[in-house]
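Chemist: All I have is the shape, not the residue letters:
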C-alpha cells in the first residue's frame, strides 16, 4: 500500500509507455498460477475421480480418459474461470466509470435484463406444460440471456445519455432500470410452479453444471478481444476519477471513453451471463479484492479479472465437493468465499492505517 | 428553525429566508395532501369498493355494516402498515445515503434485508414456523443481528467509528453472504422456497392489526432516533474532520444512525418483505425539494415513501382484478420509470 511500491521501471515502445509496477505484476502472476491450478483441480472431479497427474496425462495423451476430460471436464472448468474473469473485468470497468465501489454490471442493466428474460422463459415453458428441454433449453436460454442483457444495457445507456454521459446520472438511471427488472423477476418467480421457481433460482444464482465448449468459446473470444482493448484505454479510465475540467485538460474525451468502456463491460457481462448465469457477487467483490491485493487507487483491470477467475474457480470446487453428491450452484459459494475474504481485507487495511 | 441551519450554503439575507420558508410550507402541505389522498384511496378502493361516505361512517361511528367491517378489519390495518413501512423505508433510505454518502446505498445495505430473509427461511425450515405472525419476529431478530454484525465489523481495527466506505462494503459483503446462505436453504427446501418467493416480492396485503402492533414500537423508536440524528448528519456531510472540529462525536452520530436505520428497515422488511428499494429511490425524489438539510430531507422522504407505497398498493388492487398485484411489483413498474424521468429531467442533486 506504500506509494513507493507502486512506482517501477517504465516500458517504452514508440509513443506509448507503461510503468511496470512490481506489486500488481507479482499479484497477477500468483493469481494466474492459482487459476491454472484450480482449473486442474476442478478437472479431477467427476464420476471417475482422477489425480492431477492423470488429468494432465489425459489432456495431452490419447488414453481412454482423453474424451471425458476434453469434452466434459475441461470446458466446465474453463467456463468457470473465464466467466469469473469476464464478470470481474466488467465490474472493475463499471466501478471505475461510475466512480463508485458499490457499482456492478447490475447497474448497467445487463444482469437484471438477462435474469428477467430467462426467468420468464423458464416459467412460461413450465415443466407442467411439457417444458423446454434438450437443445431448446441449452441454446435458447443463453440466447435469451444475451438478448435480455442487451436490451437492459441499451435501456440504461439510452436513458442515461443526455447531451453527454454523466457517471452519476448513469448510476441513478441504472438503479431505476434494475429495480424494474428485479421486481418483475421476483413477481415471475411467484407466478409459476414452485419447481420452476427453483430451476429459475439456480440459473439466477449462477451455475456451471453441464457447461460445454459452446459456453467457453464466446466468453474466451470476448476476453481475447476486450482485455487488450480495455488495457489500451486504461490511462483514460484512470483519468475518469478526476473532474470534467481536468479530463479536458488531460486530453481525454470523457463521453467517448465512458461509452467505449461501458460497451466493453456490457459485452463481457452479457456473454458471461449467457454462459453461466449472473454468478452472484463476483463482479462486485473481485475488483475490490484486487484493488486491495495490488495496492492500487482504483480497480486494476488485469488483477481484477484474475481475482474473479480464482474466486469462481475455487467456489466451483467447493460447490461440488462440500455437500457431495449434492452439487450447489456456484453462485451460492462465490459469496460465501468472497465475502469473508473481502471483510478480512477491509479490517486489515484499517488496522494498518491506524498503526 | 432555519436560523441555526448548518448547511454548506451561506445563509442568504432576510428576503431569501422568507422565500425559503414559503417554499417549505408549500412543499410540506403538498406532501401532506398527497399522503392524505393516498390514505383515503387505500381505505376506499379494493375488491369491494367502499364509497367515501361509508368510509367516514366506518371510521367515526361503525354500526357493523358490511362496509364497516371491510374498512375497519381489513383496510385500516393494511393502510396503517403501508404508512408505517413507507415512512420507515423513506427515512431509513435518506439516513443511509447520508451516512454512506453513496447514492447507491439502500436501507438494506447493512445486511438488514438479507438478515431478515435468512432467519425467516431458517425458521420455516428448522422450526416449521408457518404464517406471517410467526416469522415476523424471526425476521426482526435476523435484521437486527446482521446490522449489528456489520457495524461491529466496521468498528474493528479503528477508532472513531467505521468510515462510510468500510460500512458500505462490509454491509454489501455480509448481505451477499447471507443471500447465498438463503438461496442454498430455499434450493434445498421447497416449502421455504414457496414462502420466500412471495416474501421477496414485497406486499402489504393481508396484514392485520396484529402486525401494526408488532411493528409500531420499532418504527416509533427508529423515527425518534432519526430525528435526533439529523443535525449530526448535517455536520457529518461537511466531512468527518470538519464535523469533529464543530464538536460532533462522530462515532456516536454514526452509531445512532445505524440504530435508527436498523430499527426502521428491520420492522418494515419483516412486515412487508423485501421492499428496501423504496428507500433507495425516495430520497432522490425528496432531495430536490428539500435541499441537503437532513432535518427536512428525512420528513420529506418519509412522506413520499408512505404515499408511494400506498398508491402502489391501491394500483395493485385495481389492475389485476379480481386478483391483486403485489405492491412491490407495482412500485417498481410505476415508480421506477417516474424516478428515471425525474433523474433525466434535472441535474441530479449530488450527495
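Modeler: Everything's here; your move. Source: prediction; values computed, not measured.

Chemist: quick one: contacts of the helix or strand hosting residue A:235?
Modeler: Assigned by DSSP states H and E, residue A:235 belongs to helix A:234-239. The contact list for helix A:234-239 (C-beta atoms under 8 Å, 6 or more residues apart in numbering or on different chains) reads A:93, A:96, A:97, A:230, A:246, A:247, A:250, A:252, A:257, A:261, A:298, A:301. C-beta here means a position set from N, CA and C on the backbone, and glycine is covered the same way.

Chemist: tell me the contacts of the fifth one?
Modeler: In this case it means residue A:246. residue A:239.

Chemist: Regarding it, what is its secondary structure?
Modeler: Under the three-state scheme (DSSP: H, G, I helix; E, B strand; the rest coil), residue A:246 adopts helix.

Chemist: quick one: it from residue A:254, how far?
Modeler: 10 Å (C-beta to C-beta, to the nearest Å).

Chemist: now the helices for the stretch 251-355 of chain A?
Modeler: Per DSSP state H, counting those that start in this stretch, the stretch 251-355 of chain A carries helices over the ranges A:254-276, A:282-294, A:301-321, A:330-354.

Chemist: what does the stretch 1-150 of chain A give?
Modeler: Counting by DSSP H, counting those that start in this stretch, residue ranges of the helices within the stretch 1-150 of chain A are A:3-6, A:22-44, A:52-60, A:66-68, A:74-98, A:110-124, A:134-160.

Chemist: does residue B:149 really touch residue B:111, like I thought?
Modeler: Yes - using C-beta atoms under 8 Å, residue B:149 makes contact with residue B:111 at a distance of 6.8 Å.

Chemist: Between these two, which contacts overlap?
Modeler: residue B:174.

Chemist: what sits against the residue nearest the centre of chain B?
Modeler: Central residue of chain B (C-alpha atoms, centre = their mean): residue B:89, 0.4 Å from the mean position. With contacts defined as C-beta under 8 Å, 6+ apart, residue B:89 is in contact with B:107, B:264, B:265, B:268, B:275, B:276, B:278, B:279, B:282, B:305, B:309.

Chemist: and the third one, how far is that from residue B:115?
Modeler: Yep, that's residue B:265 we're talking about. For residue B:265 relative to residue B:115 (C-beta to C-beta), the value is 10 Å.

Chemist: picking that back up, same drill for residue B:149 and residue B:111, tell me which one is more crowded.
Modeler: residue B:111 (30 against 17; other C-beta atoms under 10 Å in any protein chain shown).

Chemist: Identify the spatial nearest neighbour of that one, chain neighbours not counted.
Modeler: Excluding the flanking residues, the one nearest residue B:111 by C-beta to C-beta, 6 or more residues apart in numbering or on different chains is residue B:146, at 3.4 Å.

Chemist: contacting residues for that neighbour?
Modeler: Contacts for residue B:146 (C-beta under 8 Å, 6+ apart) come out as B:110, B:111, B:112, B:114, B:115, B:116, B:118, B:174, B:175, B:178.

Chemist: Give me the distance between the nearest residue to residue A:230 once chain neighbours are set aside and residue B:114.
Modeler: With C-beta to C-beta, 6+ apart as the criterion, residue A:230 has its nearest non-adjacent residue at 5.3 Å, and that residue is residue A:264. Distance from residue A:264 to residue B:114, counting by C-beta to C-beta: 31 Å.

Chemist: re earlier: where do the contact lists of residue B:265 and residue B:115 overlap?
Modeler: Each of residue B:143 lies in contact with both residue B:265 and residue B:115 under the rule C-beta under 8 Å, 6+ apart.

Chemist: Next, the buried residues of stretch B:20-28.
Modeler: Neighbour counts over stretch B:20-28 (16 or more other C-beta atoms under 10 Å in any protein chain shown) mark B:24, B:27 as buried.
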